[in-house]
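S.K.: below are the sequence and a predicted model; questions follow.
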Amino acid sequence: MKARLLWAWYGVLATLLGIGLAHLAAGLVDPASSPVLAVGSGVIDRTPTPMKEWAIRQFGSADKTILVGSVMAGVLLLAALAGVLARRRLAAGMGLLAVLVLVAGGAVLDRPSAEVVDLVPTLVALVVGPLALRLLATTDRKTHEGDGSRRTLLITIAAVSATAAVGGVAGRLIAAVKRRPEDITLPKPADPAPPFPRGLDDQVPGITPFRTSNGKFYRVDTRLDVPVVDSEDWTLTIDGDVDREVTLTFDDLLGMDLIERDITLTCVSNSVGGPYVGAARWLGVPLADVLAKAGIDGTKADQILSTDFDGMTISTPLDLATDGRDAMLAIGMNGKALPREHGFPVRMVIPGLYGFISATKWVTRLTLTTYDDQQAYWTERDWATDAPIKISARIDTPKALAQVDAGDVVVGGVAWAQERDGVAKVQVRIDGGAWTDAQPGPDGGNDYWRQWFYRWDGASSGSHRIAVRAVAGNGDAQTAVRAEPFPDGASGLHEFARHREVARKSPRNRPIRSTQHSE
Ligand SMILES: Nc1nc2c(c(=O)[nH]1)N[C@H]1C(S)=C(S)[C@@H](COP(=O)(O)O)O[C@H]1N2
Ligand SMILES: [Mo]
């Protein structure tokens, strides 16, 4: 039993060395070519929608870490098996490792943006993994047959472990250096946004900041890594049912008239009260100006199929994208070039539509086509093609599980109603009673969210429920009817029950029980 465990460990060590050095090679070649990430991406693309939804609900934004962790766990389990096999038949163990690497190589080649050099990390793993297993196996055998010392075996094991660790860490470091943002000076907008008003950030403790900083902006995409796309190599092609196919460079975009707009982005996967929403000041070229270069007046297309540098597709209804709203190809976010996480060098931003049908990051192609002819990534997975952002209000403070002092409580949060003349009114309801107007924060524009707060005083001890709802400037009110995110966005009211204690001996130490209805 002990010997078998040791051999299992040899398999794991050999595999870790292969993965570590493959990571180093991937850092040098292209971080996305790491065999582990490629397998993970392959799994993401093949996971059925309901399971993905479940994973997002269960793990939130940790879902990717858990996915990569599970892939690693699976690989290492097979690696242990290879080690055990190698004890009796070395060739079988080495063969199993080679098969593992070849499967990963298939996943690497499966990425639409894959190039031949992307196979280098896989080849490194293919050579290193089995050879390392052979080295450990022969050293072990020699030790047991009396040809080698126990010390040599220990040194070999230590050397393999150390090299694996150094390779892995070095690979990550190189990738991190490559991910550093490019130094780009953004042109001034021809059509700037109005001065940005001061939010309620200082007045209402715990409220979401009026402006989401680039570092705190939520991130949702299908990628396991942060893509590194060079602005100098980047081009955007407009093709399909257009008068003439056009290709633009990043400099071409910088030379066009830029608009600057305050827009709140929202993810369709966001539950009511959830975190996948952010508000920023975007700088970009109007989508209409870019489409006009290719000529779309006579087009029979009903969708813009946008493709990112890696072949990921997103479809946008053409009529909504061109109805006069501030749809743009954004190059700037809050006064800086786009962070790589958020689509550097260029992404789409279209107010009022959920990100999955509008906000293509790392975009390189816009194809004018029809929903009948071509389907985008999420269309194939049965998500809606027409998905305007639903009106929603969120309670940020007090937190669902926070302590509440016995005195007055300030309830506060944000609400959004893009492309519906903004948020006109936010109302709060305590214990299912009457809806009472909350105090709205400053107006950041119709496509921007609005902060709000409500002073709740004089509540008795016992259990209470707080609910919030928003009403849009065009009269549309947030619906209380609950819906799950799939297929076109969650609805319902953000409401939670909390137990409120009137001050007795030490109210601060009393936990507040709460349940949160998030759909
Ligand atoms: N290339 C690419 N663009 C993408 C996605 C993606 O998976 N790949 N996800 C979309 C989704 S679902 C959303 S909600 C927004 C999120 O943008 P953010 O990550 O900058 O917040 O990006 C959109 N753009
Ligand atoms: Mo999304």
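M.R.: Yep, that arrived. Numbers count the residues shown, from 1 in each chain. Ligands and ions are numbered 1, 2, ... in the order given.
S.K.: tell me the residues of this structure that contact ligand 2?
M.R.: By C-beta under 5 Å from the ion, the residues of the chain that approach ligand 2 are 220, 267-268, 355-356. In this view, the C-beta of every residue, glycine as well, is placed from N, C-alpha and C.
S.K.: switch to 8 Å and redo it
M.R.: 220, 266-270, 276, 354-356, 359 (C-beta under 8 Å from the ion).
S.K.: could those go into JSON lines alongside secondary structure, pLDDT and distance to residue 318?
M.R.: Output for those, formatted as JSON lines (DSSP: H, G, I helix; E, B strand; the rest coil; pLDDT from 0 to 100; distance: C-beta to C-beta, whole Å):
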{"residue": "220", "secondary structure": "coil", "pLDDT": "92", "distance to residue 318": "24"}
{"residue": "266", "secondary structure": "strand", "pLDDT": "98", "distance to residue 318": "21"}
{"residue": "267", "secondary structure": "coil", "pLDDT": "96", "distance to residue 318": "22"}
{"residue": "268", "secondary structure": "coil", "pLDDT": "95", "distance to residue 318": "19"}
{"residue": "269", "secondary structure": "coil", "pLDDT": "92", "distance to residue 318": "24"}
{"residue": "270", "secondary structure": "coil", "pLDDT": "94", "distance to residue 318": "25"}
{"residue": "276", "secondary structure": "coil", "pLDDT": "95", "distance to residue 318": "26"}
{"residue": "354", "secondary structure": "coil", "pLDDT": "98", "distance to residue 318": "17"}
{"residue": "355", "secondary structure": "helix", "pLDDT": "98", "distance to residue 318": "18"}
{"residue": "356", "secondary structure": "helix", "pLDDT": "97", "distance to residue 318": "17"}
{"residue": "359", "secondary structure": "coil", "pLDDT": "98", "distance to residue 318": "16"}
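S.K.: ligand 1 next: which of these are close?
M.R.: 220, 267, 355-356, 359 (C-beta under 6 Å from any ligand atom).
S.K.: for the residue of the stretch 351-500 of the chain found nearest ligand 1, give me its contacts.
M.R.: Residue nearest to ligand 1 within the stretch 351-500 of the chain: residue 355 (2.5 Å; C-beta to the nearest ligand atom). The contact partners of residue 355, taken as C-beta atoms under 8 Å, 6 or more residues apart in numbering, are 220, 265-268.
S.K.: can you do 10 Å?
M.R.: Neighbour list for residue 355: 218, 220-221, 265-270, 276-278, 314, 347-349, 361, 387, 389 [criterion: C-beta atoms under 10 Å, 6 or more residues apart in numbering].
S.K.: repeat for residue 439
M.R.: Neighbours of residue 439 in contact, by C-beta under 10 Å, 6+ apart: 200, 203-204, 410, 412, 426, 428, 451-455.
S.K.: pick out whichever of those sits closest to residue 167.
M.R.: Closest to residue 167 out of the contacts of residue 439 is residue 451 (48.1 Å), distances taken as C-beta to C-beta.
S.K.: ok, that closest one to ligand 2 distance?
M.R.: Distance, residue 451 to ligand 2, using C-beta to the ion, to the nearest Å: 23 Å.
S.K.: just checking, that residue is part of a strand?
M.R.: Yes - remark: residue 451 belongs to a strand, assigned using DSSP: H, G, I helix; E, B strand; the rest coil.
S.K.: quick one: contacts for the residue nearest to the spatial centre of the chain?
M.R.: Residue closest to the average C-alpha location in the chain (C-alpha atoms, centre = their mean): residue 220, at 2.2 Å. Residue 220 sits next to 56, 61, 265, 267-270, 276, 355-356, 359, 361 when contact means C-beta under 10 Å, 6+ apart.
S.K.: just put those residues in TSV and tack on distance to residue 226.
M.R.: Formatted as TSV, the contacts of residue 220 follow (distance: C-beta to C-beta, whole Å):
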residue	distance to residue 226
56	19
61	14
265	18
267	18
268	22
269	20
270	22
276	18
355	17
356	19
359	16
361	10
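S.K.: and stretch 27-44, how far out from the chain's middle?
M.R.: The chain centroid and the centroid of stretch 27-44 are separated by 16 Å under C-alpha atoms, centre = their mean, to the nearest Å.
S.K.: then that stretch to CSV, C-alphas only?
M.R.: Below are the C-alpha coordinates for stretch 27-44, written out as CSV (Å, rounded to 0.1, in the frame of the first residue of the first chain):
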residue,chain,number,x,y,z
GLY,A,27,3.9,32.5,-20.6
LEU,A,28,6.5,33.0,-23.3
VAL,A,29,4.3,32.0,-26.2
ASP,A,30,0.7,33.0,-25.3
PRO,A,31,-0.8,32.6,-21.8
ALA,A,32,-4.0,31.2,-23.4
SER,A,33,-2.1,28.2,-24.8
SER,A,34,-1.7,26.7,-21.3
PRO,A,35,-3.0,23.1,-21.7
VAL,A,36,-4.8,23.3,-18.4
LEU,A,37,-6.7,26.5,-19.3
ALA,A,38,-7.5,25.1,-22.8
VAL,A,39,-9.1,22.1,-21.2
GLY,A,40,-11.0,24.4,-18.9
SER,A,41,-12.2,26.5,-21.8
GLY,A,42,-13.3,23.4,-23.7
VAL,A,43,-15.3,22.4,-20.6
ILE,A,44,-17.0,25.8,-20.4
